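Novice: sequence isn't available, so here's the structure alone:
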Ligand SMILES: Cc1cc2nc3c(=O)[nH]c(=O)nc-3n(C[C@H](O)[C@H](O)[C@H](O)COP(=O)(O)OP(=O)(O)OC[C@H]3O[C@@H](n4cnc5c(N)ncnc54)[C@H](O)[C@@H]3O)c2cc1C
């Protein structure tokens, strides 16, 4: 007897897992999630957890808004949550050009309902007493932005998958796709999903993979311009000045350095944009020293503090730093989803939109029509403008 499912989702990160959950919630009887290792073993358990609605494009804003609302609704819906904490997020400006860009962005964000406001330099210093005074020309601030706990998010989606009735298969790798499966519904359309434990005759398939999405795509015969790059995160020792009440989250956009409070210390993270992309989980001490120097210039109290935690992991990215949500060209019943390196702030929204697209071709989360694979040319260049609020990742794929 052949193995069948209404839907097979590839990848047990935040995008695949929440997508499988939403497909099951939408009424599909048999949803199978395959993960080549363990749930959350990719980028999703290693992230910094920053969630912001202050996006650089309307799509980014909508995905941030949807995901934040989802995080707030989780306890009622699934009995646990991803630990969303409303902390407030400041994006300071250091040049006049940044001030002009920030005002334009704020106008777009406010029109979409984000409660973002401008803080003048004195207000920035008052709102953030750990920041070296007199450094900024002001900045945008949204009190409703915050952060989740990435490990808790993995636990939350694990609970949701199991309670929701998704069949989770860990240690099962995706190997490829062929057209013509019938799926459990046997309506005559679908795909056969090849796995390390044999084929699954599926009604539809959703491909995710975070930093490994290009590889997942290749196995399906698709060219997906998505990559991975090393990203470092560290947490300082505790210090009374770093009490949660005194430290909004901050994104020093020009430098690509962000920080937020974490258990009485400061969590900070950054990628090296000059480093060639690729899988890498080794700590780069030299670059860490640069991160620490920039942080100490802006938050002097961190200069003398030791580190309690330090890790490097591979973060996913797309050439325009925007998500990929769309049906796979030429493969009936196959949808591709990537959060483009922002799976904590956009992940649930991307997952829900991908589930909607897989089922109906469109989504109420946002208009996904610009976000498909057809926006990239043969070389992987996007015809969309790059999201201006993103970590400085490489714009090319390795
Ligand atoms: C250090 C770091 C800090 C970050 N900080 C933030 C942040 O503050 N805010 C934010 O929004 N985002 C952040 N991110 C990005 C965020 O973590 C990712 O965008 C998100 O986790 C991607 O989710 P995903 O489900 O697409 O990928 P992943 O979590 O990587 O999951 C993909 C899964 O697919 C599996 N897989 C791969 N190939 C196969 C196969 N052939 N068969 C079966 N399974 C397969 C992998 O094992 C993996 O478990 C950070 C990332 C890193 C690394």
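Specialist: Alright, I've got the coordinates. Keep in mind that this is a model prediction, so the values were computed, not measured.

Novice: please determine how far the closest residue to the ligand within the stretch 51-200 of the chain is located from residue 195.
Specialist: Using C-beta to the nearest ligand atom, the closest approach of the stretch 51-200 of the chain to the ligand is made by residue 174 at 3.5 Å. For glycine as for every other residue, the C-beta is placed from the backbone atoms N, C-alpha and C. Separation of residue 174 from residue 195 (C-beta to C-beta, to the nearest Å): 6 Å.

Novice: so which of these two has more stuff around it?
Specialist: residue 174 (25 against 19; other C-beta atoms under 10 Å).

Novice: okay, the spatially closest residue to the more buried one that is not a sequence neighbour: pLDDT?
Specialist: Distances taken as C-beta to C-beta, 6 or more residues apart in numbering place residue 10 nearest to residue 174, at 4.4 Å, with adjacent residues excluded. pLDDT for residue 10: 98.

Novice: in this structure residue 10 contacts residue 16, no?
Specialist: Yes: counting by C-beta atoms under 8 Å, residue 16 is a contact partner of residue 10 at 6.4 Å.

Novice: quick check: neighbours shared by those two?
Specialist: 206, 208-209 (C-beta atoms under 8 Å, 6 or more residues apart in numbering).

Novice: give the contact list for residue 47.
Specialist: 150, 313, 315, 343-344 are the contacts of residue 47 under C-beta under 8 Å, 6+ apart.

Novice: which ones among the residues you listed lie within helices?
Specialist: Within the contacts of residue 47, membership in helices is found for residue 150, as judged by DSSP state H.

Novice: where in this structure is pLDDT low?
Specialist: Applying pLDDT under 70 to the chain flags the ranges 1-2, 181-188, 393-398.

Novice: most centrally placed residue in it?
Specialist: With distances taken as C-alpha atoms, centre = their mean, the residue of the chain nearest its centroid is residue 343 (1.2 Å).

Novice: for residue 125, see how far away the closest residue to it other than its chain neighbours is.
Specialist: Spatial nearest neighbour of residue 343, chain neighbours left out: residue 14 (4.9 Å); criterion: C-beta to C-beta, 6+ apart. Here residue 14 is placed at a distance of 35 Å from residue 125 (C-beta to C-beta).

Novice: the two: which has the busier surroundings?
Specialist: Shown here are residue 14 and residue 125; by other C-beta under 10 Å, residue 14 has more neighbours (33 against 16).

Novice: thinking again about what came up before, mutual contacts of residue 174 and residue 195, please.
Specialist: residue 34.

Novice: tell me if I'm right that residue 338 and residue 15 touch.
Specialist: Yes: counting by C-beta under 8 Å, residue 338 does reach residue 15; the two are 7.0 Å apart.

Novice: shared neighbours of those two, anything?
Specialist: Joint contacts of residue 338 and residue 15 (C-beta under 8 Å, 6+ apart) are 208, 210, 350.

Novice: tell me the one of those residues nearest the ligand?
Specialist: residue 210 (2.2 Å).

Novice: please look at the closest one and residue 340 and confirm they touch.
Specialist: No: here residue 210 does not reach residue 340: they are 10.1 Å apart, not a contact under C-beta under 8 Å.

Novice: give the residues shared as contacts by those two.
Specialist: residue 316.

Novice: quick check: which element contains residue 102?
Specialist: Taking DSSP states H and E as the definition, residue 102 sits inside helix 96-111.

Novice: for the next helix or strand after that helix, packing partners?
Specialist: Sequence-wise, the next helix or strand downstream of helix 96-111 (DSSP H and E) is strand 116-119. Applying 3 or more C-beta pairs under 8 Å, 6 or more residues apart in numbering; DSSP states H and E, we find strand 116-119 packed against helix 96-111, strand 139-142.

Novice: what comes up buried for the next helix-or-strand element following strand 116-119?
Specialist: Counting by DSSP H and E, the next helix or strand C-terminal to strand 116-119 is helix 121-127. By neighbour count with 16 or more other C-beta atoms under 10 Å, helix 121-127 contains the buried residues 121, 123-125, 127.

Novice: the nearest residue to residue 123 once chain neighbours are set aside: neighbour count?
Specialist: Nearest non-adjacent residue to residue 123, counting by C-beta to C-beta, 6+ apart: residue 138, 7.5 Å away. Per other C-beta under 10 Å, the neighbour tally for residue 138 reads 20.

Novice: going along the chain, name the helices of the stretch 151-300 of the chain.
Specialist: 213-219, 285-298 (DSSP state H, counting those that start in this stretch).

Novice: could you dump those helices into TSV and include distance to the ligand and mean neighbour count?
Specialist: What follows is those, written out as TSV (distance: least, C-beta to the nearest ligand atom, whole Å; neighbours: other C-beta atoms under 10 Å):
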stretch	distance to the ligand	mean neighbour count
helix 213-219	5	19
helix 285-298	12	15
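
Novice: format those as TSV; extra columns: distance to residue 250.
Specialist: Output for the helices of the stretch 151-300 of the chain, formatted as TSV (distance: least, C-beta to C-beta, whole Å):
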stretch	distance to residue 250
helix 213-219	30
helix 285-298	8
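
Novice: contacting residues for residue 153?
Specialist: 14, 44, 49, 82-83, 344.

Novice: thinking residue 335 is in contact with residue 206, fair?
Specialist: Yes: here residue 335 reaches residue 206: they are 4.8 Å apart, a contact under C-beta under 8 Å.

Novice: which neighbours do the two share?
Specialist: 354, 358.

Novice: about what we covered before: distance check, the residue nearest to residue 343 against residue 138.
Specialist: On the measure of C-beta to C-beta, residue 14 and residue 138 end up 33 Å apart.

Novice: and what of residue 252?
Specialist: 14 Å.

Novice: residue 339 and residue 348 touch, don't they?
Specialist: No: with contact defined as C-beta under 8 Å, residue 339 does not reach residue 348; the gap is 9.5 Å.

Novice: follow-up on the earlier one: ranking by neighbours, what's the top pick from the shared contacts of residue 338 and residue 15?
Specialist: residue 208 (35 neighbours).

Novice: cool, thanks, talk later.
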